[in-house]
Every structure is written in structure tokens, then in C-alpha cells.
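In: I would like the atomic coordinates for the input below:
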Amino acid sequence: EEPEAIPFDADTLFLPTTERSIWQMPSLIRQSLALVWEAAPRQLLLTVGLQGVGAVAIFFELLVAKRLLTVLVDSKSSAAFSATLPLILILVIILAVAGMATVLRTEVQRLLSELVSWKALTKVIDAAASADLVSFENPAFHDRLQRSTLNASVRPLQMTTGVLTVGSATLAATAIGVALAIIDPLFLVLALIAVVPVTIITLRVGRALFHFAVAQTPTDRQRVYIESLLTEKDPAKEIRAYGLAQYLKARFDELYGARIAALRRLVRNRMWQGVTGSVLTAVISGGTLALLVLSVSSGRTSLAGAGTAAAALLLLGSQLQVLAAGFGQLYESGLFVRDFSDFTKLVPIANRFHGQADAPSAPGCIELKNLGFTYPSRNEPSLVDINLKIEPGQVVALVGENGSGKTTLAKILADLYPPTTGSMTWDGIEI
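Out: Next comes the predicted model:
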């Protein structure tokens, strides 16, 4: 059965969509989770389970701690130790379980990250191997391939960490939030409000980094190529023969200097935004603790409840900030993962190796009619109106000066490049 034809737009393949709205966060998370699940479902489930154990442990830690404070406040000094000993033992057991879950989760997560990186790199390699050879003549293709290769080896690790951080922090924050809601729901609401500024700013800076990476890809590709010319064996002879070392080194420094200048601007903006979010969060958190003190002084909250609430607020604030950072990390890595994922999905579409008929059993007559070819990176054609007929057993030599199109024509004859205009037939069947 013939594969269904899929419309293909070269601009879609070569030019990534750099405008990624924060409202696409659910889609990015879903795509990230799908990649992690495809790479290592058992490790993902085990990690989530261990995160759940840690969250439940935090919940019971707070409840036991509140009960422990209540007993200490209500009991006389002589009876305090005997009354609190069972609670202390329970607390020790909970802490031990939480510690073991953390150790196991860390090691499983290490394996999970490597499996995800392997899966992502495999997708990029499959896509690159499926692309038509002519795609490699397009600089924009090299930009996307280079960015996809880099992102596939680095971003899945960051993405996996983000997914697990968000999952762990969500479960822990939920457990702490439930315990805090039992004590006083107002404090829970204020704690949630406190983390809003830092969350918004974290997502904004993640998007800025993605835009920076996309903008820098062409110059990064040039810089890496110049580095290879200056450091590898094969081009060393020409570099020395023509005295190009200083010129190429100056160009390398120019490209790297431009990258550093752009990075300085990015870092400066990210720092100011991050500091602003942290200050706003700290101010709201301080106001929440001040309100807690007023609640105790007015008799609205007991001393034991206030102590537990204060500990819960600190823990919840910490987990919510971790959650915000995890969302930012996941959003940032999700943008890169979607970029390379779009690349891996679109490149096979460009592959045209889906013939309409079986090849002849023996070599036949190859004929070119009005054949022309233009490289994707050029406006002027390399071949114009080529007419050629090669009979079985005939030896044909392609002779011409450098740059006349001999190699290009040979690649078209080998069906490595598709002609831009005209046709090539094999025994009358168009290839």
C-alpha cells in the first residue's frame, strides 16, 4: 500500500517556530511526559511512586509534629518525656522511610535520565539518516540539525529533572497544603499567592533562553566549523599553506565575542527578573508570618498550632519555590524538546524514497531531458537544460572546469539529488 502523501513545506522544516506562549505549557508537559514514558515507563512509574511516599511522609511528619507540640505544651515537665516518646518513635520511623525513598528515587532518576537521552538522540539520528542528501546543502537544515543534536543530548536530562521536580514538589506541596488547611486555610491561600510572582518570572526567563539559543544557532555553527578548521588534521595543510590561521582565529574571536555580548544581555535581564520575583515572594511570605503572629496574640490560633503552621509555611514556601523552578525548567526544556521533536517528525516527510514502480531487473537506458538543478542555499542554478542519454554498457566521462556541475550531475544520476526542473528516466520510467 502506498504511503499517504503529506504536504511538505520547507520553511516549516528549516525554520522553527520561536514564539511559544506560556499557555502552551500543558502541551509541552504532555509532550515531555510522552517522551519520558516512551523511553523508560518502569523507571518513571517507580520514581513517581517514590515521590508519593515522600509526600505522604511529609504530611504525617507535620501531623505528628503538631501532636508532639500539643503534648509538650499541655503536659507537666515530669510526664512530658513519657507522653512524647511514642510520638518521637513514630517520627523517627517516618523520617527513615522518607530518607530511604529519597535515596532510591535519586538513583532511579539517574538511570531514567540516561534512558531518555538515548531515546531522544536515537530519534534525531533516525531523522537525519532519513533526510534527502540535498537537505544537507541547506545551511538552515544544518542549524536545526545541530540544535536538535545538542538539545537531544542535554535537554531530555533537564526535561526529566523538571518533570520529576514538578511531580515531587507537587505531591509534597499538596501534602503540606492539606495539613496547613487543617490548621488554618487562610495561611494556605497566602502561601499560594506568595509564589505567583516567582513562577511567572521563571517561565518568562525560560522562554528568553530558548529565543537566545535559536538566534545564536547560525553563528554557533560557523564558530564550530572554524574551530574544526583550526584544530583538525585534514585542513591543517591548507591553513598553513595559505596563511589563514590568523584570519580564521580573528573570525572565531569575533563570533564568540558576539555570542558573549548577547549572553551578557540575556543574563542581566534574567538576573533582574529573578531578583524582582524573589523579593516579591519574600515580602508576601513575611506578611504571612506576621499575620500568623497576630493570630496567636489574638488567641485565634493555639501556640502548638502556630508552631506547626510556621513550620508548614516554611516547608510549603520552599516546596512551592521548588515547584516554580521545576515548572520553569520544564517549560524551558520543553521548548527545546518540541523544537527537536518537530524536526524529527518533519524530516522523514521530506524523504522522497517512496517509488511508484519496481526497478528494472537489469540496468537499462538512463535519459535526462531538460534537467536543471539549483542548490537550496543558492539563487543561481548549477545545472541548466541538461540533455543526456546513457545506453547500457556505455562509458561516459563528465569533463569540465571546477564548479561546472560535474559532481552535482553525478549525484543526480545516482538519484542522490532530485532534479529541480526537467526529468530523469530509467527505461522510460521517471525516477
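In: where exactly do the helices run in this structure?
Out: With DSSP state H, the ranges of helices along the chain come out as 10-14, 25-39, 41-74, 77-130, 139-183, 185-194, 196-231, 236-241, 245-297, 303-350, 406-413.
In: among these, which is nearest residue 373?
Out: Taking C-beta to C-beta as the measure, the helices of the chain were each checked against residue 373, and helix 406-413 came out nearest at 5.9 Å. In this view, the C-beta of every residue, glycine as well, is placed from N, C-alpha and C.
In: where's that closest one relative to the chain centroid, distance-wise?
Out: Average the C-alpha atoms of helix 406-413, do the same for its chain, and the two points are 39 Å apart (C-alpha atoms, centre = their mean, to the nearest Å).
In: who are the packing partners of it?
Out: In terms of contacts (3 or more C-beta pairs under 8 Å, 6 or more residues apart in numbering; DSSP states H and E), helix 406-413 is packed against strand 366-373, strand 383-390.
In: tabulate the ones you listed (a markdown table), appending mean pLDDT.
Out: What follows is the helices and strands packed on helix 406-413, written out as a markdown table (pLDDT from 0 to 100):
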| stretch | mean pLDDT |
| --- | --- |
| strand 366-373 | 89 |
| strand 383-390 | 89 |
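In: tell me the most buried of those?
Out: Neighbour counts (mean count of other C-beta atoms under 10 Å) averaged over each of the helices and strands packed on helix 406-413 peak at strand 366-373, with a mean of 18.
In: that strand pairs with which strands?
Out: Each strand pairing with strand 366-373, determined using DSSP bridges, is listed with its direction: strand 383-390 (antiparallel), strand 421-426 (antiparallel).
In: mind putting the ones you listed in CSV, distance to residue 278 included?
Out: Putting the strands paired with strand 366-373 into CSV (distance: least, C-beta to C-beta, whole Å) gives the following:
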stretch, distance to residue 278
strand 383-390, 61
strand 421-426, 61
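In: circling back to that earlier point, any chance of TSV for the helices of the chain, columns mean neighbour count and distance to residue 427?
Out: Compiled in TSV, those are given as follows (neighbours: other C-beta atoms under 10 Å; distance: least, C-beta to C-beta, whole Å):
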stretch	mean neighbour count	distance to residue 427
helix 10-14	15	31
helix 25-39	16	44
helix 41-74	18	50
helix 77-130	15	27
helix 139-183	21	33
helix 185-194	18	73
helix 196-231	17	42
helix 236-241	11	44
helix 245-297	14	50
helix 303-350	21	27
helix 406-413	17	15
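In: closest to residue 379 out of these?
Out: When the helices of the chain are ranked by proximity to residue 379, the top entry is helix 139-183, at 13.7 Å, counting by C-beta to C-beta.
In: let's have the helices and strands packed on helix 406-413 in JSON lines, adding distance to residue 268.
Out: Written out in JSON lines, the entries for those read as follows (distance: least, C-beta to C-beta, whole Å):
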{"stretch": "strand 366-373", "distance to residue 268": "48"}
{"stretch": "strand 383-390", "distance to residue 268": "50"}
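In: wait, which of these is closest to residue 56?
Out: Minimum separation from residue 56 across these (C-beta to C-beta) falls at strand 366-373, 65.7 Å.
In: now the closest one against helix 406-413, angle please.
Out: Regarding strand 366-373 and helix 406-413, their directions subtend 120 degrees when assessed with axes from the mean of the first three to the mean of the last three C-alpha atoms, to 10 degrees.
In: number the residues from 49 up from this point.
Out: Fine by me, first position is 49 from now on; the one you just mentioned is strand 414-421.
In: export strand 414-421 as PDB, just CAs?
Out: Written as PDB, here are the backbone C-alpha positions of strand 414-421 (Å, rounded to 0.1, in the frame of the first residue of the first chain):
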ATOM      1  CA  ILE A 414      19.100   6.400 -18.500                       C
ATOM      2  CA  GLU A 415      18.000   9.600 -20.100                       C
ATOM      3  CA  LEU A 416      17.900  13.200 -18.900                       C
ATOM      4  CA  LYS A 417      15.600  15.700 -20.500                       C
ATOM      5  CA  ASN A 418      15.900  19.500 -20.000                       C
ATOM      6  CA  LEU A 419      17.200  18.700 -16.500                       C
ATOM      7  CA  GLY A 420      18.100  21.600 -14.100                       C
ATOM      8  CA  PHE A 421      19.200  21.800 -10.500                       C
END
